[in-house]
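K.L.:
Sharing a sequence plus its predicted fold:
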Amino acid sequence: MNGSMRRVENIIIGLLVLLLLAMPCCRFEKGPENEPEKVWGLRGKMVALAKSLVGLPYHYGGQEIDGFDCSGFIYYVYDCFGVKLPRTAEGQADLKEKIKLKYAQPADILVFKFGNRWHTALYIGGNSFIHAPERNERLRVESLNDFWKDRLEYVIQVIEE
């Protein structure tokens, strides 16, 4: 073999070794409903939809694109992908799939408590979320700052990995 063929062979072997070393870091589960790209694909699509709705008006009891309240927004995003959730923030807060904030993934539901009132939002990653805040406001992106963290009751993970 000449020198250039040996270099190509060494590069190919090196790439194969890197690929083999990287494989144990990936977690694959069998079954079409658990394919990682489908899980992340769904989360990404939900976040993309939610971002496209930013700027729409708040509407008490709203669950359509002419206006949303907080739980109506969550209900709408999940419903667009065939995932049925309770319609109210209190009902969404009662979902059982509670996780710690440090494990939150995009498209998880953040549940806040203001006195005796529940408020839900969609986590979009990067310490940010989208929600329908209140009357005379519009859907917007917020940072999960100290104000919000102090009121965070739960993170709900509906989409299992």
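P.N.:
Perfect, I can see it now.
K.L.:
ok, now which ones touch the most centrally placed residue in the chain?
P.N.:
By CA atoms, centre = their mean, the chain has its centre lying nearest to residue 107, at 1.7 Å. Each residue near residue 107 by CB atoms under 8 Å, 6 or more residues apart in numbering is listed here: 42-43, 46-47, 50, 77, 122-124, 158-159. (Glycine included, C-beta is placed from N, CA and C.)
K.L.:
which of the residues in the longest strand seen in the chain are buried?
P.N.:
If you go by DSSP state E, the chain has its longest strand at strand 117-125. For strand 117-125, the neighbour count (16 or more other CB atoms under 10 Å) marks 118-124 as buried.
K.L.:
likewise stretch 137-156?
P.N.:
Quick answer for stretch 137-156 (16+ other CB under 10 Å): 139, 142, 144, 148, 152, 154-156.
K.L.:
out of those, who's nearest residue 88?
P.N.:
Nearest to residue 88 among the buried residues of stretch 137-156: residue 156, at 13.5 Å, using CB to CB.
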